[in-house]
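I would like to see how this sequence folds:
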Amino acid sequence: MRHDFDKVIDDLAQDLQPARKLLSPLRLTLLWWTASWGFVVGTALLTAPLRPGALDNLVTVPQFTIEIATGLLAGFLVSLAAFRLAVPGLSSNRWLLSVVVALFCTWVLAYVVGLEYPALMTGMMGKRPHCALEMLAYSTPLLLAAAWLFARRYTIRSVRAGLLAGAAAGAVPALMMQLACMYEPVHILKYHMAPIVCVALFGALLFYFLLRLKR
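Got it, this is the predicted structure:
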């Protein structure tokens, strides 16, 4: 009887392959974040140059620097919060989500404050005629790349993961537009920030159906 049991175990184990080690959420975030920036910067510069003086402003105007830095931190951390959901069993994401929400609110608030106290001189300089469409065009490949990475893992909370991944995918081109498009807080809120909500909602829907099909 013991011999038969051992034979069954040997037969089951015969064709097993070593499990492939997956990247940690932090490394996956760094990979996706770096590739996303490379794609967005490269594509945006092919269509038009940066707003004149944008890089100088980034160094010389503290309020503008803080706006960009807040967006960068919010975008990176929302990416990390999303990719943590691709690994079941990690510790609670609640603290990270609280930080992400606070940072996104601070980022938006910076432009609300800018309605009265703008960081830079406002105007049409550097305006891209279809910046909102560019936002969606740039963010869609980023979201699809994230969806592919999630599909290779086991994501339990697909809607939450898609919402966060969509917000991350929208944040990258939104930040790029702060350097590439006109600086005017109303324009920024309507055409650079608002599309992030659209991409996040699309991400939630995409992940819900994609990850259901996988199962």
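
low pLDDT regions in the chain?
For the chain, the stretches flagged by pLDDT under 70 are 1-22, 89-92, 214-215.

the helices in it, which residues?
2-13, 25-47, 54-60, 62-84, 94-114, 131-151, 158-180, 185-187, 194-214 (DSSP state H).

any idea of the angle the fifth one forms with helix 194-214?
Relative orientation of helix 94-114 and helix 194-214, computed by axes from the mean of the first three to the mean of the last three CA atoms, to 10 degrees: 150 degrees.

show residues contacting helix 94-114.
Residues outside helix 94-114 that contact it (CB atoms under 8 Å, 6 or more residues apart in numbering) are 63, 66-67, 70-71, 73-74, 77-78, 80-81, 84, 119, 164, 167, 185, 188-189, 193. In this view, the C-beta of every residue, glycine as well, is placed from N, C-alpha and C.

one more pass at 6 Å, please.
The contact list for helix 94-114, computed with CB atoms under 6 Å, 6 or more residues apart in numbering, reads 67, 70, 71, 73, 74, 77, 78, 81, 185, 188, 189.

okay, those in TSV with distance to residue 212 and neighbour count next?
Below are these laid out as TSV (distance: CB to CB, whole Å; neighbours: other CB atoms under 10 Å):
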residue	distance to residue 212	neighbour count
67	38	25
70	35	19
71	32	23
73	32	15
74	29	26
77	27	21
78	23	29
81	22	25
185	40	21
188	36	24
189	34	15
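
of all those, which comes closest to residue 205?
residue 78 (17.6 Å; CB to CB).

deepest of the helices of the chain, which one?
Mean neighbours per residue, mean count of other CB atoms under 10 Å, is largest over these for helix 158-180, with a mean of 26.

which other helices and strands does it contact?
Helices and strands touching helix 158-180, by 3 or more CB pairs under 6 Å, 6 or more residues apart in numbering; DSSP states H and E, are helix 25-47, helix 62-84, helix 131-151, helix 194-214.

quick one, that helix and helix 62-84 angle?
Using the same axes, to 10 degrees: helix 158-180 against helix 62-84 is 150 degrees.

measure how helix 158-180 sits relative to helix 131-151, angle-wise.
Going by the same axes, to 10 degrees, helix 158-180 makes 140 degrees with helix 131-151.

what residues does the residue nearest in space to the middle of the chain make contact with?
Central residue of the chain (CA atoms, centre = their mean): residue 168, 1.7 Å from the mean position. Contacts for residue 168 (CB under 6 Å, 6+ apart) come out as 75, 78, 79, 82.

many thanks, have a good one.
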